[in-house]
Structures are given as structure tokens and as C-alpha cells.
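[1] Quick one: sequence and predicted model below, then my questions.
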Amino acid sequence: PFNYFARYADSTAARTEHLKDVEDFRAGLRASNLPAVAFVKPSGAHNEHPGYADLLSGQRYVADLVKAVQDSAIWKDSVIIITYDEAGGRWDHVPPPSGDRWGPGVRVPAIIISPYAKRRFVDHTLYETVSILKFIETRWQLAPLGSRDAAANNLLNAFDFSQTQ
């Protein structure tokens, strides 16, 4: 998701250092040396965007990555968050809640997969994309990057860290 920032423009050192392809992700899994936080953004035929990508192909791609993490040595300490950057053009019977001029906008799906995710649980807490950032900031005791993540609900309600694995 960071390839739209000037810092990560083509031919920059930051892009070379931080933006990798999925094969680098898989190699990191095999070697158990992924960074503490890694984002995977499927591209092309796997991104599930309406109009040009196949939903089933995208879902298979994500399921394969999830299985790769679950089969790895790092699984016991992992959280996988699957979410989308839009609603995919699909109709939602629930109107968006009111908010400021930026949103929060329409609902988008989100799935949390982890040994610590609450089992058989549907969370009705109002989250937004920056709730993921808030969760990361909380985990590593980082200051908020801005007012949106500072005010966002944290994903902690979806977890039970006392669960045995």
C-alpha cells in the first residue's frame, strides 16, 4: 500500500529496501525472518477488484498465503488481517454511520486470523482502516501517526491473548 508515497517512488533506496514481492515474503516465512509487520497487497488478477479481477482467483491467492503462514514457524506469534480498500461495488443494506467529511464510509470486510483471535466471534465494534494502525501502535508502544489513528477503535476486542494455542 505504500507504493503511492513519494518516499517509495521507483529507483529510491526506500523502495528497494522496504517494498518486496510476494516471493520475498514467502522466503521470509521459510527463513522465519519476516519483519515484525508485513503488508501483502495482491496485484493484477489476484486483487479482487471488480471489473477486471476474478474473485475466486484472489480468494485462492489469499488462502494460499494464509496457509503458508499457518504452516510456518512464526504462526504461533502471528496475526493475519485480511481487509479491502473498498466495498468492491457491492450493495450493503447498512448505511454508513455519520462522520467527518472523510468517512468512515461504507463497510468493508475484515477477517482476523490468529492463534489469539477470539473463536466463533463476530465483532460489531466500529472499526476503520486505521484501526489496524492503532493495533500496531499499541503492540509496539508507538505514538499515533496522526489524529485519525489516535481516535480509532483498537482491534484488541477481537483477541483473547489468554487462549492456549
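    Received, thanks. Since the model is a prediction, treat every value here as computed from it, not as a measurement.
[2] What is the neighbour count of S114?
    21 (other C-beta atoms under 10 Å). Any C-beta I mention is one placed from the backbone N, CA and C, and that applies to glycine too.
[3] Return the residues in contact with the nearest residue to it once chain neighbours are set aside.
    Closest residue to S114 apart from its sequence neighbours, by C-beta to C-beta, 6 or more residues apart in numbering: V79 at 4.3 Å. Applying C-beta atoms under 8 Å, 6 or more residues apart in numbering, one finds that V79 lies in contact with 112-114, 116-117, 159.
[4] ok, which pair from the residues you listed is furthest apart?
    Within those, two members stand farthest from each other by C-beta to C-beta: I113 and F159, at 11.4 Å.
[5] Look at the two and report which has more neighbours.
    Neighbour totals were compared for I113 and F159, and F159 leads with 19 against 14 (other C-beta under 10 Å).
[6] Quick check: the residue nearest to S114 vs P109, distance?
    Distance of V79 to P109, given as C-beta to C-beta, to the nearest Å: 17 Å.
[7] Kindly report the same for L56.
    From L56 to P109 the distance is 15 Å (C-beta to C-beta).
[8] who are the neighbours in contact with A38?
    By C-beta under 8 Å, 6+ apart, the contact list for A38 reads 25, 28.
[9] Determine the longest helix present in the chain.
    Taking DSSP state H as the criterion, the chain has its longest helix at helix 55-70.
[10] Summarise which helices and strands the very next helix or strand once past it is packed against.
    Next along the chain after helix 55-70, taking DSSP states H and E as the criterion, comes strand 80-83. On a contact count with 3 or more C-beta pairs under 8 Å, 6 or more residues apart in numbering; DSSP states H and E, strand 80-83 meets helix 55-70, strand 110-113.
[11] quick one: strands adjacent to strand 80-83?
    Take DSSP bridges as the rule and strand 80-83 pairs in its sheet with strand 110-113 (antiparallel).
[12] Following the strand it pairs with in sequence, what is the next regular element?
    helix 130-139.
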